[in-house]
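>>> just to be clear, the model below is a prediction. Sequence and coordinates:
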Amino acid sequence: MIEELTRKAFLTLTNTEKLYVIASAFQRHGIDMIATTGTAVKLVEAKYEVQGIREYTGAPEMFGGRVKSINTNIAGGLLFLRDSPSDLIDAKLHGIHPIDFLVCNLYPFEEVVRKEGVTIADAIKNMDVGGPGSLCAAAKNHEFVTVVTDPDDYEKVARVMDKHEGETTLELRKYLAGKVFRKMKAYYTAMADYFDRQPAYRPKS
């Protein structure tokens with residue numbers, strides 16, 4: 001059993017459309033919010049209580065923001081199995097707190113490479129690394145974690161939370177995990193297709 005701990009949500013967004021819909025649901029149900037810097041600024045400006053990722057993990061965002069969520073506290077909080085005795089021991093030993101919700105969307109790689117005149121440097125800059133890792137971790141552990149990548153799902157998640165005293169249903173978590181897996185397939189396919197079109201990146205015959 002996990003000792004009673006305040007539930008947590010981690011938010012890391014490139015698209016803050018409808019952010020306050022999901023943030024308000026977290027606030028209503030007493031769920032603590034952790035956020036990367038840009039998202040945290042938006043939440044603070046709107047008078048929400050939020051803990052910055054640097055304060056939460058003890059590690060700075062680095063390299064122009066390219067390293068934010070690649071951290072044991074984040075990955076561990078998303079991945080550990082709440083009903084596994086050995087995982088619970090590891091979590092306690094290493095001070096890993098469960099993260100119950102992940103709200104994350106990705107750098108807009110697909111949109112960027114569709115623009116006229118985009119350079120390879122532009123494309124590489126918009127390849128997300130930490131976001132896919134967090135999304136896949138949360139989706140893999142959807143038995144325990146609610147993962148939301150599409151802003152159009154915020155209202156759906158908020159309604160379910162309101163109906164179930166801040167919890168979500170396994171049915172909803174499976175639906176949301178499926179969206180993540182399909183999103184990741186499309187995202188990595190877009191990257192592979194783009195680099196396949198670049199002569200320098202094609203296999204040499």
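Sure, I can see it. Residues are numbered from 1 along each chain as shown.
>>> so what's the nearest residue to Phe181 once chain neighbours are set aside up against?
In this structure, Phe181 finds its nearest non-sequential neighbour in Ala139, 6.1 Å apart by Cβ to Cβ, 6 or more residues apart in numbering. Using the backbone N, CA and C atoms, a C-beta is placed for each residue, glycine as well. By Cβ atoms under 8 Å, 6 or more residues apart in numbering, the contact set of Ala139 is Val147, Leu176, Ala177, Val180, Phe181.
>>> give me the buried positions along the longest helix along the chain.
For the chain, the longest helix by residue count, based on DSSP state H, is helix 170-196. Across helix 170-196, burial judged by 16 or more other Cβ atoms under 10 Å covers 172-173, 176-177, 179-180, 183-184, 187, 190-191, 194-195.
>>> related to what we said a few turns ago, between the contacts of Ala139, which is nearest Gly58?
Of all those, Gly58 sits closest to Val147, with 24.1 Å by Cβ to Cβ.
>>> might you report the residue contacts of the spatially most central residue of the chain?
Against the mean C-alpha coordinate of the chain, by Cα atoms, centre = their mean, the closest residue is Cys104 at 3.3 Å. By Cβ under 8 Å, 6+ apart, Cys104 lies in contact with Phe10, Leu11, Thr12, Leu13, Gly131, Ser134, Leu135, Ala138, Val147, Val148, Thr149.
>>> can you redo those residues as JSON lines with neighbour count?
Output for these, formatted as JSON lines (neighbours: other Cβ atoms under 10 Å):
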{"residue": "Phe10", "neighbour count": "27"}
{"residue": "Leu11", "neighbour count": "25"}
{"residue": "Thr12", "neighbour count": "25"}
{"residue": "Leu13", "neighbour count": "22"}
{"residue": "Gly131", "neighbour count": "22"}
{"residue": "Ser134", "neighbour count": "28"}
{"residue": "Leu135", "neighbour count": "28"}
{"residue": "Ala138", "neighbour count": "31"}
{"residue": "Val147", "neighbour count": "25"}
{"residue": "Val148", "neighbour count": "25"}
{"residue": "Thr149", "neighbour count": "24"}
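>>> which elements pack onto the lowest-mean-pLDDT helix or strand in the chain?
Lowest mean confidence among the helices and strands of the chain (mean pLDDT, DSSP states H and E): helix 53-57, at a mean of 88. Judged by 3 or more Cβ pairs under 8 Å, 6 or more residues apart in numbering; DSSP states H and E, helix 53-57 is in contact with strand 32-35, helix 37-45, helix 72-79.
>>> pull out the buried residues from the second one.
Right, helix 37-45. Buried, per 16+ other Cβ under 10 Å, within helix 37-45: Thr39, Ala40, Lys42, Leu43.
>>> residue ranges with poor pLDDT in this structure?
For the chain, the stretches flagged by pLDDT under 70 are 1-5, 59, 62-69, 205.
>>> before we move on, back to that, among the helices and strands packed on helix 53-57, which comes closest to Lys156?
strand 32-35 (18.9 Å).
>>> run me through the strand neighbours of the closest one, direction for each.
Applying DSSP bridges, strand 32-35 is found paired with strand 8-12 (parallel), strand 51-52 (parallel).
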